[in-house]
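Enquirer: I would like the atomic coordinates for the input below:
(chains A and B)
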Amino acid sequence: DAGVIQSPRHEVTEMGQEVTLRCKPISGHNSLFWYRQTMMRGLELLIYFNNNVPIDDSGMPEDRFSAKMPNASFSTLKIQPSEPRDSAVYFCASSLGLNTEAFFGQGTRLTVV
Amino acid sequence: GESVGLHLPTLSVQEGDNSIINCAYSNSASDYFIWYKQESGKGPQFIIDIRSNMDKRQGQRVTVLLNKTVKHLSLQIAATQPGDSAVYFCAENLSLGQGGKLIFGQGTELSVKP
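Expert: Numbers count the residues shown, from 1 in each chain, chains lettered A, B, ... in the order given. Have a look, this model is predicted:
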């Protein structure tokens, strides 16, 4: 298995633009997590899905952030409009479900200028 | 202006020595715990896990200890090697019926001197 696949690996965009981050979880995994990592706040859980259904989005910073999981093999995290303070590394992770380890992708480094 | 980041705890050890990394978790209802290793430019990588009905678990060169009374986890690395240099995170899993919410601690930076 190729592991969790995220794209793009790097994204540089201008303030105000829409940004879409993509994630392909490990096949067979039914939980998917989106995290944001910054020097200021460490690793923050933004949202997680179980069986394609959003379970907890309390970590999503504001309405500019949205996440979808249209099927078991694909998820997106969208920021619209983007702001410089959104600059961070965004990780997607997947797991087999309750009380199992989550496997992380390589992350997307987002820079908003 | 100058940015202020998290001041990660740092542990510096000599190659060959044993390392102990500590973590305090926050929720007494957490029932599953994981240690992750993150190298520069990479995503966190699973090291070892432990469930709340255990107090110790051993892997290859690593041991995790869980003290639920004081909500404390530790990771012991035997014969630490330069390749162990990384940031180590503990994570607690809070089961919410459907799946689980994996919450990370701030991390500890391990530096191994050759």
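Enquirer: my read: residue A:6 touches residue A:105, true?
Expert: Yes - contact status for residue A:6 versus residue A:105: in contact at 3.8 Å, counting by Cβ atoms under 8 Å. (Each C-beta comes from the backbone N, C-alpha and C, glycine too.)
Enquirer: Between those two, which contacts overlap?
Expert: Shared contacts of residue A:6 and residue A:105, defined by Cβ atoms under 8 Å, 6 or more residues apart in numbering or on different chains, comprise A:23, A:91-92.
Enquirer: Most neighbours out of the residues you listed, which is it?
Expert: residue A:92 (29 neighbours; other Cβ atoms under 10 Å in any protein chain shown).
Enquirer: what helix or strand is the closest residue to residue B:10 other than its chain neighbours on?
Expert: Ranked by Cβ to Cβ, 6 or more residues apart in numbering or on different chains and with sequence neighbours excluded, the top spatial neighbour of residue B:10 is residue B:109, at 4.6 Å. For residue B:109, the host element (DSSP states H and E) is strand B:108-113.
Enquirer: which residues touch that strand?
Expert: Residues contacting strand B:108-113 (Cβ under 8 Å, 6+ apart): B:8-15, B:19, B:21-23, B:77, B:80-89.
Enquirer: Look up how far chain A lies from the residue nearest to residue B:10.
Expert: Residue B:109 is 12 Å from chain A, where distance means Cβ to the nearest Cβ, to the nearest Å.
Enquirer: gap between that residue and residue B:95?
Expert: Going from residue B:109 to residue B:95 by Cβ to Cβ, to the nearest Å gives 30 Å.
Enquirer: Return a ChimeraX selection command for the buried portion of the contacts of strand B:108-113.
Expert: In ChimeraX syntax, the buried subset of the contacts of strand B:108-113 is picked out as below (16 or more other Cβ atoms under 10 Å in any protein chain shown):
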select /B:9,11,13,19,21,23,77,80,84,85,86,87,88,89
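Enquirer: Mind checking which of the contacts of strand B:108-113 land in strands?
Expert: When DSSP state E defines the strands, the subset of the contacts of strand B:108-113 inside them is B:10-14, B:19, B:21-23, B:77, B:86-89.
Enquirer: How about the residues of chain A by chain B?
Expert: On the criterion Cβ under 8 Å from any Cβ of the partner chain, chain B has as its neighbours in chain A the residues A:4, A:30-31, A:33, A:35, A:38-43, A:45, A:48-51, A:53, A:55-56, A:91, A:93, A:95, A:97-99, A:101-107.
Enquirer: And the helices in chain B?
Expert: With DSSP state H as the definition, chain B shows no helices.
Enquirer: now it, which segments are flagged as low pLDDT?
Expert: Counting by pLDDT under 70, the ranges of chain B that qualify are B:1-7, B:96-100.
Enquirer: which of the residues in stretch A:5-21 are buried?
Expert: Judged by neighbour count using 16+ other Cβ under 10 Å, the buried positions of stretch A:5-21 are A:6, A:11, A:13, A:19, A:21.
Enquirer: Identify all contacting residues around it.
Expert: Stretch A:5-21 is contacted from outside by A:22-24, A:76-84, A:86, A:90-92, A:105-113, using Cβ under 8 Å, 6+ apart.
Enquirer: and those residues, which are buried?
Expert: A:22-24, A:77, A:79, A:82, A:86, A:90-92, A:105-110, A:112.
Enquirer: Okay, and which of these map to strands?
Expert: Among the buried ones among the contacts of stretch A:5-21, DSSP E puts A:22-24, A:77, A:79, A:90-92, A:108-110, A:112 in strands.
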